[in-house]
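In: predicted model and sequence below, questions to follow.
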Amino acid sequence: MRHPTANETTRPQTSPHRLSRPLVPASQSSPYIHMGAAGDAPAERPSSPPAATAKRTLVFTYGTLKRGFSNHSLLQDLFLTGDASFAGAAATASPLPLVCGPYRVPFLLNLPLGGGGGGGGCCHRVKGELYSVTARGLARLDELEGVSRGHYERLPVEVVLADEGEQQVVEGAVAYYAHRGYAAEMWARSGRRGHAEYSPAVAAGYVRRVDRPQGQTFLEQIRVFVSSQS
């Protein structure tokens with residue numbers, strides 16, 4: 001089965017088309033290489049570009065990795081080495097809690113709807129961007145998101161890719177969720193109200209890592225946040 005890319009024009013359908021395997025854009029370059037702000041991402045780059053046929057993973061970004069935010073510089077580095085490419089604007093297929101934690105850092109929460117999870121009108125289909133990355137690029141993102149340190153965890157997410165008015169459900173994508181060790185507490189601390197998008201207005205007050213107090217780990221900062229009064 002041929003899988004459409006974000007640049008192809010297709011005829012409108014009456015229901016979303018379901019893609020069972022990750023999209024791999026035909027071009028590995030991106031028109032957004034010069035967009036975004038320098039931020040928290042590590043500066044080092046891989047020594048050599050990967051083969052064009054390298055296995056890729058679709059990553060749904062909803063926070064500071066998006067264009068115009070501080071960590072997009074990491075994706076810009078990965079564009080230059082062929083380890084990432086833009087796949088399109090997307091949104092989660094189902095409502096999910098998106099909240100801000102300490103220093104206005106965004107967290108997508110992997111909590112069930114109802115029964116203390118999202119529920120009612122408290123959640124939205126979260127808007128974001130989809131990127132196709134190689135295994136080497138994925139390792140760089142894992143490091144940024146602190147996967148091995150219990151900051152975030154990379155888990156499957158079902159998203160809808162908008163292409164010329166047609167909505168296509170993409171399976172096999174992943175996202176970086178708040179770690180399950182504190183996700184429920186973060187939701188309660190946020191008043192069980194989520195955002196539809198991590199927009200500049202929502203991100204107002206964001207503090208980069210280098211500008212945060214250096215005497216605490218990020219997990220300690222999260223613990224202080226969730227135990228404090230809103």
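Out: Cool, the structure landed. Residues are numbered from 1 along each chain as shown.
In: what segments of this protein are helices?
Out: 72-80, 135-144, 183-189, 200-203, 218-227 (DSSP state H).
In: could you identify which of the ones you listed is most buried?
Out: helix 72-80 (a mean of 22; mean count of other CB atoms under 10 Å). (Each C-beta comes from the backbone N, C-alpha and C, glycine too.)
In: got the angle for it vs helix 135-144?
Out: With axes from the mean of the first three to the mean of the last three CA atoms, to 10 degrees as the basis, helix 72-80 and helix 135-144 are set at 170 degrees to each other.
In: and helix 72-80, what does it pack onto?
Out: In terms of contacts (3 or more CB pairs under 8 Å, 6 or more residues apart in numbering; DSSP states H and E), helix 72-80 is packed against strand 84-92, helix 135-144.
In: okay, the helices of the chain in CSV with mean pLDDT and distance to His124 next?
Out: Formatted as CSV, the entries for those read as follows, by pLDDT from 0 to 100; distance: least, CB to CB, whole Å:
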stretch, mean pLDDT, distance to His124
helix 72-80, 97, 22
helix 135-144, 97, 24
helix 183-189, 95, 14
helix 200-203, 97, 12
helix 218-227, 95, 22
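In: closest one to Arg212 among these?
Out: Shortest separation from Arg212 across these is recorded for helix 218-227, at 7.1 Å, computed as CB to CB.
In: identify the bridge partners of Ala84.
Out: Counting by DSSP bridges, Ala84 forms beta bridges with Val133.
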